[in-house]
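K.L.:
for reference, the sequence and a predicted model appear below.
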Amino acid sequence: MPYHDDPSSAESAEPAPAPAPVRFRVERYLLREVETLGRVVLHVRADQDLHTGELHDVQVLDLRPYRPTVDSAAFAAMVARGRVAWADVPDAGEWVEAQRG
């Protein structure tokens with residue numbers, strides 16, 4: 001998996017390959033927390049090969065319960081601000097592509 005976006009991959013009909021499993025070090029007390037918390041988000045530190053995207057020397061720094069939530073009012077406010085900011089742009093997708101070149 002490359003580190004950077006590959007524009008040619010977006011045009012491909014083939015699905016992206018699954019990421020390779022990553023081995024990491026973790027302290028025992030964190031493993032006990034996983035048993036208590038269930039599904040978690042890992043905060044890690046790792047070295048990444050910029051050419052291949054592979055991760056090396058992955059270390060778990062922290063873990064937190066996985067509780068995806070959306071603040072509906074904050075989201076609506078962001079959408080409203082975006083609509084105002086982009087109101088004079090007829091086709092936002094076309095504008096972005098023009099910026100990319």
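P.N.:
Happy to help now that I have it. Numbering: from 1, shown residues only.

K.L.:
send me the one helix or strand H56 maps to as CSV with only the CA atoms.
P.N.:
Taking DSSP states H and E as the definition, H56 sits inside strand 55-65. This file holds the C-alpha atoms of strand 55-65, laid out as CSV (Å, rounded to 0.1, in the frame of the first residue of the first chain):
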residue,chain,number,x,y,z
LEU,A,55,4.7,-0.2,9.0
HIS,A,56,7.7,-1.3,11.2
ASP,A,57,8.4,-1.1,14.9
VAL,A,58,4.7,-0.5,15.8
GLN,A,59,4.2,0.3,19.5
VAL,A,60,0.8,0.8,21.2
LEU,A,61,0.8,4.0,23.1
ASP,A,62,-2.8,4.1,24.3
LEU,A,63,-6.1,2.6,23.7
ARG,A,64,-9.6,4.0,24.2
PRO,A,65,-13.1,2.6,23.8
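
K.L.:
give me the mean pLDDT for it.
P.N.:
Strand 55-65 shows a mean pLDDT of 85 in the predicted model.

K.L.:
work out the sheet partners of it and label each with its direction, please.
P.N.:
If you go by DSSP bridges, strand 55-65 pairs up with strand 24-25 (parallel), strand 40-48 (antiparallel).

K.L.:
would you single out the least confident of those strands?
P.N.:
strand 24-25 (a mean of 72).

K.L.:
show me what that one is in contact with.
P.N.:
By CB atoms under 8 Å, 6 or more residues apart in numbering, the residues outside strand 24-25 that reach it are 44, 46, 58-60. Bear in mind the C-beta positions are built from the backbone N, C-alpha and C, glycine included.
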